[in-house]
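Engineer: structure for this input, please:
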Amino acid sequence: MLLRPVTVDDVPALMPIFLDAEASRLTGSHDDGIPDEGRIRAWYDSRREQDDRLDLAVVEQVTGNVIGEAVLSEWDPRNESCSFRICLVPGTYGCGLGTEATRLIVGYGFEELGLHRIALEVYAFNPRARRAYEKVGFVAEGVLRDALLWEGERVDATVMSILAPEWSRHGGRPQTAGHASD
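Structural biologist: Sure, this is the predicted structure:
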């Protein structure tokens, strides 16, 4: 697995994310109709002009296929913090790829960017993502009640974060920290 900056050439590989109803639900992205590939290309092309975010393509090293995106956004240099999100293309869920990509980008955030805190929100109907974040060391901080209105239902979001001292203790593997098998 490797992460690299997203380019407009990655849009065809990422389009399944924008076309998938389940991906929209898990990310709380309300359907605006059929996604316009040209508009999506323009949006990704504008990412390199943003200095408060890092948009990376998640790439399977063996195949070279782009299987998703991982993003550090809302970078706050004064507080050494940012937000994180990840989305994989349908068909790649449940294989540990999201956990691996999360470890890579979080490690980069702490070790290369000098961040102190990385935070995210995960909706209550996405327990698989929450487990992946916990495997990397994210800790639940609280609940944003009724944070999303999805198809007439109110859904809570859990705020989670990981801090640099935690990362330096376990390197994204809290369940094995301090064991000889590390």
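Engineer: need the contact list for residue 106.
Structural biologist: Contact partners of residue 106, counting by CB atoms under 8 Å, 6 or more residues apart in numbering, are 84, 118, 136, 137, 162, 167, 172. Any C-beta I mention is one placed from the backbone N, CA and C, and that applies to glycine too.
Engineer: for burial, what's the neighbour tally of residue 151?
Structural biologist: Residue crowding around residue 151 was assessed by other CB atoms under 10 Å; the count is 7.
Engineer: which other helices and strands contact the lowest-mean-pLDDT helix or strand in the chain?
Structural biologist: Taking mean pLDDT, DSSP states H and E as the measure, the chain has helix 21-27 as its least confident helix or strand, at a mean of 78. Here helix 21-27 touches strand 81-88, going by 3 or more CB pairs under 8 Å, 6 or more residues apart in numbering; DSSP states H and E.
Engineer: show me what the strand it packs on is packed against.
Structural biologist: With contacts defined as 3+ CB pairs under 8 Å, 6+ apart, strand 81-88 has these neighbours: helix 21-27, strand 66-76, helix 97-111, strand 117-123.
Engineer: give me the distance from it to the chain's centre.
Structural biologist: Relative to its parent chain, strand 81-88 has a centroid offset of 3 Å by CA atoms, centre = their mean, to the nearest Å.
Engineer: go on, stretch 40-53?
Structural biologist: Worked out by CA atoms, centre = their mean, stretch 40-53 lies 16 Å from the chain centre.
Engineer: buried sites along it?
Structural biologist: Of the residues in stretch 40-53, 40, 41, 44, 47 count as buried by neighbour count, 16 or more other CB atoms under 10 Å.
Engineer: now for the host helix or strand of the first one, which elements pack on it?
Structural biologist: With the criterion set as DSSP states H and E, the secondary-structure element containing residue 40 is helix 37-46. Contact here means 3+ CB pairs under 8 Å, 6+ apart; on that basis helix 37-46 packs against helix 11-19.
Engineer: I'd like the buried residues of stretch 40-53 as a markdown table, with distance to residue 73 and pLDDT appended.
Structural biologist: Converted to a markdown table, these look like this (distance: CB to CB, whole Å; pLDDT from 0 to 100):
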| residue | distance to residue 73 | pLDDT |
| --- | --- | --- |
| 40 | 17 | 84 |
| 41 | 19 | 85 |
| 44 | 14 | 82 |
| 47 | 10 | 79 |
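Engineer: give the contact list for the residue most central in space within the chain.
Structural biologist: Nearest to the mean C-alpha position of the chain, counting by CA atoms, centre = their mean, stands residue 86 at 2.1 Å. Residues in contact with residue 86 (CB under 8 Å, 6+ apart) are 58, 68, 69, 70, 71, 98, 101, 102, 105.
Engineer: any idea what the closest residue to it other than its chain neighbours is bridged to?
Structural biologist: Excluding the flanking residues, the one nearest residue 86 by CB to CB, 6 or more residues apart in numbering is residue 70, at 4.5 Å. Counting by DSSP bridges, residue 70 is bridged to residue 56, residue 86.
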